Every structure is written in structure tokens, then in C-alpha cells.
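[1] sequence unavailable; structure follows:
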């Protein structure tokens, strides 16, 4: 495809953000993501415009002001250390993020129609789900899933995969409107755990070329801060190298009238789900909860 679907850390920096992916950048309609690095004592103000937005601490805490509403976020030392609290900002709002100690903050967003009210999301209220079994076990923090938190169009979750395991598996897609599937644009933002600075993982995205068109064929080696865009096609697995747990933030949005994560497995790999019957979950999961590491 002509558009870039794999964005190594630093290659999509713009306007003072470490990462900027807008609908225009991604060549789609709804979803966006910014990642903001703040030095100790620094602030950043922006307008949400036609999009609702969440302030999600990746490392550090912050104070968030949304049209005069002040929300203090405890945050966390890092994505593998605990489930974090977060702040929701509606469309057509002025948003300021201030961090006394500094940190990194993800700003997932989606174009929307309704203007909701600013809100605080406590860490203790985030549903933590264990999916899969055996080497396909992973942890999902459903902080802004359709059931986890009220937004207009934005859906966002965190996935933590122990080193050596696969997640986002079996491969699945959400690019058709039909029973059991919805059209969703998706962003994967990655961080890597484990010792040293050289950890990595892999992300697969694929779709056969249609007649007269082009397909999708991505197998990206992902490192700390990298992003993979999924405009369509099957995506998965997300593979964590042994010794290096894999974190990714999923940002999803689409035209469906109700928020959903409905997807369709690749028929060639759907059998994998039945293979989990009778397998124990990986005991390393959950990696953390709102109280800290497990």
C-alpha cells in the first residue's frame, strides 16, 4: 500500500508530540493517537476539536484541566507496573496536561458527534480480562471498552503479553459491516518490557490483493514507541520475544452506531480458540492490576 502502516518510534513526531497520527495521516475517517512527552513541570494545551479524547498515563502522573474541570491522575511508573487511572475529554473542549514530575502520556481520540461531559476513570474500576490460554494467554485492560467506560465513538484497551507468548490471536479483522463484524479503524502503539533497551516483538497485518487492487502485507519488528496502523485486513498475531513482555495500546473507531469491538477470525486459524479448552492460563498473567505488579 502507498500509505505507511508501520511507523517506527520518532518517525511520526509533529507539533511537539512524540507521535501524531491523525485521520488525515492515516488516510481514514475517525481514529487518532498522540503521544506526549512532558519534562518535569511542563504543560501542554490543545483543543479537542471534533474528537473526544482520553489522557492515559504511560509513565508518570499529571493534572488534567478540561474547560475548568480539574482531574488529578496518579498515573504509574510504567505500563507493566499497574493499571492506571485516566481522564476523558469531550469534543469541542480545551485540554491542558501538566506534569509536576514529568512523564509520557497517550492521547487516543476519535471523531464523534455527541459532546459528553469530562470524566475521571479510576484505576480500580478498569475491568481486567484474561484472554486465551497456554502460550496465547494475555491480559486486557478494558479501560475504554464499550462495556468499560462511556464514550461516543472511541474504543481503547491495553494488552499485556508475557514474553514468549502470542496475542491478537487468532488473526481477525473488522472491515465489513455484517452480523458479528463491524467496520473499525485500529491503531497499535507498542512498548517493550524486560531487561535492557533491545527488546522487540512482531506484528502481522495481511489481506490478499483484490482484483485490480492492492492488498496488505505487513510483518513489522516492533520496538518501544513504534506504531502499526490497521486500516483493513486480518491482524495478528502480536508476538512477544522471550524475556520481553509486550504492551500495546489499541485505539479503535468506526461508523457503527453503537460502540463495538466485533470482529471475524481468519477462518484458517479459527480452530485455535477450541484448542484452549483444557489448557491452563499462563500463571504470569495478570502481570499487574490497579494495586501494582502481581
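    Ah, there it is. It should be emphasised that the depicted structure is a prediction, and the values quoted were computed from it without experimental measurement.
[2] shaky segments in the protein?
    Applying pLDDT under 70 to the chain flags the ranges 1-2, 210-213.
[3] now the helices: where do they sit in it?
    For the chain, applying DSSP state H gives helices covering 23-26, 272-275.
[4] nearest to residue 285, out of these?
    helix 272-275 (17.3 Å; C-beta to C-beta). Backbone N, C-alpha and C define where each C-beta goes, glycine included.
[5] how far off centre is that closest one?
    25 Å (C-alpha atoms, centre = their mean, to the nearest Å).
[6] buried sites along it?
    Neighbour-count burial for helix 272-275, counted by 16 or more other C-beta atoms under 10 Å, picks out residue 272.
[7] do stretch 118-133 as well
    So stretch 118-133, judged by 16+ other C-beta under 10 Å, has buried residues 118-119, 121, 123, 126, 128, 131-133.
[8] returning to that earlier point: will you turn the helices of the chain into CSV that also has distance to residue 92?
    Output for those, formatted as CSV (distance: least, C-beta to C-beta, whole Å):
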stretch, distance to residue 92
helix 23-26, 17
helix 272-275, 42
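[9] end-to-end on stretch 258-272?
    29 Å (C-alpha to C-alpha, to the nearest Å).
[10] buried ones in it?
    Judged by neighbour count using 16+ other C-beta under 10 Å, the buried positions of stretch 258-272 are 259-266, 272.
[11] can you put these in a markdown table and add distance to residue 194?
    Output for these, formatted as a markdown table (distance: C-beta to C-beta, whole Å):
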| residue | distance to residue 194 |
| --- | --- |
| 259 | 34 |
| 260 | 34 |
| 261 | 28 |
| 262 | 33 |
| 263 | 29 |
| 264 | 33 |
| 265 | 29 |
| 266 | 29 |
| 272 | 26 |
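[12] any idea what residue 138 is bridged to?
    Residues in a beta bridge with residue 138, per DSSP bridges, are residue 131.
[13] pretty sure it contacts residue 285?
    Yes. Applying C-beta atoms under 8 Å, one finds residue 138 in contact with residue 285, separated by 6.7 Å.
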